[in-house]
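*Asks:* heads up, no residue letters with this:
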């Protein structure tokens with residue numbers, strides 16, 4: 001079955017970027033001249049996604065406004081004969097069909113995905129997390145779709161992570177099947193380095209079968225009251241095979257300040273209109 005729908009959980013509070021995110025969503029922070037969330041939405045569209053479901057929360061209206069029509073802005077751009085920017089603004093509002101659902105309380109990634117059950121229905125779907133910005137020749141979520149088409153089962157993106165940093169991730173216990181492809185035997189949420197079953201960490205790209213909803217409904221909230229997707233996937237493992245794919249591309253953890261700065265510099269250097277001048281500027285820095 002073709003994957004047409006993608007879920008974007010964007011209800012987080014963005015506390016790691018305070019005070020910048022006090023009144024503005026973290027997902028709207030600009031990476032050069034586009035907000036973070038637009039990069040991830042465009043990745044999904046380039047992979048063939050036709051419907052985007054945003055799981056939002058209080059204070060996230062700017063995300064909805066960004067992907068909506070702005071009559072006043074379009075009128076102003078026409079008045080200035082700025083046709084190039086007008087076309088770009090109109091392109092953003094016509095990218096794809098959007099649906100918006102509120103997650104009224106921050107009850108975890110698993111809870112956010114569970115909120116989409118009625119809209120998803122009985123079909124496989126993609127999940128993309130906006131903190132992970134990935135530069136790749138083939139959209140990362142498309143790479144996972146290709147694996148799904150081969151195995152007809154849930155697929156999770158993974159990446160090798162230094163053991164000293166492994167406690168910040170969900171980690172899989174893998175059984176290698178093919179180049180970059182693993183069967184997941186088990187998974188652990190944020191293990192200590194000595195308890196991690198591997199160095200393959202779960203990254204924010206998933207293809208999930210609709211059975212994940214039943215698994216999440218059976219998942220007990222953790223000590224903080226959140227339903228973790230990792231625990232829901234462990235329930236799914238009892239009834240279905242789940243695969244992992246070590247994606248090809250470079251990931252930036254834009255959910256933390258250093259990762260965001262690295263992404264800003266490297267995406268700017270790749271730009272044909274900025275790269276040469278920016279590179280020259282960086283070489284001449286004296287601090």
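*Replies:* Sure thing, it's come through. What you see is a predicted model, and the numbers here were worked out from it, not measured in a lab. Numbering: from 1, shown residues only.
*Asks:* which ones are touching the residue nearest to residue 27 when sequence neighbours are not counted?
*Replies:* The shortest distance from residue 27 to any residue other than its chain neighbours is 3.9 Å, reached at residue 37 (CB to CB, 6 or more residues apart in numbering). Heads up, the C-betas are built off the backbone N, CA and C, glycines and all. By CB atoms under 8 Å, 6 or more residues apart in numbering, the contact set of residue 37 is 8, 10, 25, 27-28, 63, 66, 130.
*Asks:* and stretch 168-177, how far out from the chain's middle?
*Replies:* A distance of 19 Å separates the centroid of the chain from that of stretch 168-177, by CA atoms, centre = their mean, to the nearest Å.
*Asks:* quick check: the residue nearest to residue 27 vs residue 220, distance?
*Replies:* 31 Å (CB to CB, to the nearest Å).
*Asks:* contacts for stretch 252-268?
*Replies:* 16-17, 26, 29, 31-32, 36, 130-135, 250, 274-275, 278, 282.
*Asks:* apply 7 Å and report the result again.
*Replies:* 16, 31-32, 36, 131-133, 274, 278 (CB atoms under 7 Å, 6 or more residues apart in numbering).
*Asks:* do you have the strands of the stretch 1-150 of the chain handy? List them.
*Replies:* Using DSSP state E, counting those that start in this stretch, the strands of the stretch 1-150 of the chain run over 5-9, 30-31, 34-35, 51-56, 97-102, 125-128, 132-135.
*Asks:* out of those strands, flag the one nearest residue 152.
*Replies:* strand 125-128 (14.1 Å; CB to CB).
*Asks:* give me the sheet partners of the closest one and which way each runs.
*Replies:* Partners of strand 125-128 in the sheet, by DSSP bridges, are strand 5-9 (parallel), strand 200-208 (antiparallel).
*Asks:* make a markdown table from the ones you listed and add mean neighbour count to it.
*Replies:* Shown next, in a markdown table, are those (neighbours: other CB atoms under 10 Å):
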| stretch | mean neighbour count |
| --- | --- |
| strand 5-9 | 25 |
| strand 200-208 | 24 |
